[in-house]
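*Asks:* Take this sequence and fold it.
(one chain, ligands or ions: 1)
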Amino acid sequence: MTGVSDGESVSLDLLKMKMAEFAKERDWDRFHSPRNLLLALVRFCPLKWVKWENYRRYFSGKERYPRDYLIGKRGEGAPWEELSDVLLYLVRLSDICGIDLGKAAMRKVELNAIKYPVGMCKGSSKKHNNNSNSNNGTEK
Ligand SMILES: Nc1ccn([C@H]2C[C@H](O)[C@@H](COP(=O)(O)OP(=O)(O)OP(=O)(O)O)O2)c(=O)n1
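*Replies:* Just a heads-up that it's a prediction; the model follows:
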């Protein structure tokens, strides 16, 4: 259905192209301004997170979902749909702004490694500014 076979990966470039085609066919380029796309990401996507409440038991480790449901082989409105919307809007926003998202993210990975050297951070989730009350966002 996706045209991508099992085991084949999907590049950001392919998603970028698909989103560009999707918008062009519908004459939606004019709606995909940086402002609108950013609003879709910061306003609309968090609203969608409300849907994640449905999966609270899964995230708290209390419930398991069938793998096919999680990765999009079945189940409308499942986690894969919500995550995909975030990625698609982000890919589209980056494209419209002329940001090469893949390269930018690779650069950010490099900067993160400099900011959080293994020698200083191994086993500790403290944020780089050394604030003892903060962490790197992965723990609450
Ligand atoms: N102006 C728009 C509207 C939608 N989309 C695309 C990007 C998202 O992947 C998806 C979002 O569509 P919906 O707003 O209909 O959201 P859902 O598909 O999640 O439906 P719902 O919110 O009703 O559950 O469609 C887009 O590119 N540009």
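
*Asks:* alpha carbons only for contacts and neighbour counts from here, please
*Replies:* OK.

*Asks:* Tell me how far Gly102 lies from the ligand.
*Replies:* Distance of Gly102 to the ligand, given as C-alpha to the nearest ligand atom, to the nearest Å: 19 Å.

*Asks:* That residue is in contact with Lys16, isn't it?
*Replies:* No. Applying C-alpha atoms under 8 Å as the test, Gly102 and Lys16 come out as separate, 10.9 Å apart.

*Asks:* Mind checking which of these two has more residues around it?
*Replies:* A direct count of neighbours by other C-alpha atoms under 10 Å for Gly102 and Lys16 places Lys16 higher, at 21 against 14.

*Asks:* so what's the more buried one up against?
*Replies:* Contacts were defined as C-alpha atoms under 8 Å, 6 or more residues apart in numbering; by that measure Lys16 touches 88, 91-92, 95.

*Asks:* what's the closest non-adjacent residue to the closest residue to the ligand within the chain?
*Replies:* Relative to the ligand, the nearest point of the chain is Asp85 (3.9 Å; C-alpha to the nearest ligand atom). Nearest non-adjacent residue to Asp85, counting by C-alpha to C-alpha, 6 or more residues apart in numbering: Cys45, 7.7 Å away.

*Asks:* Would you quantify the distance from the one you found to Leu12?
*Replies:* Separation of Cys45 from Leu12 (C-alpha to C-alpha, to the nearest Å) stands at 19 Å.

*Asks:* Also Lys51?
*Replies:* Relative to Leu12, Lys51 is positioned 25 Å away (C-alpha to C-alpha).

*Asks:* What are the buried residues along stretch 23-39?
*Replies:* Buried residues in stretch 23-39, defined by neighbour count with 16 or more other C-alpha atoms under 10 Å: 23, 32, 37-38.

*Asks:* Turn these into JSON lines, including distance to Arg57.
*Replies:* Compiled in JSON lines, the buried residues of stretch 23-39 are given as follows (distance: C-alpha to C-alpha, whole Å):
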{"residue": "Ala23", "distance to Arg57": "36"}
{"residue": "His32", "distance to Arg57": "35"}
{"residue": "Leu37", "distance to Arg57": "31"}
{"residue": "Leu38", "distance to Arg57": "30"}
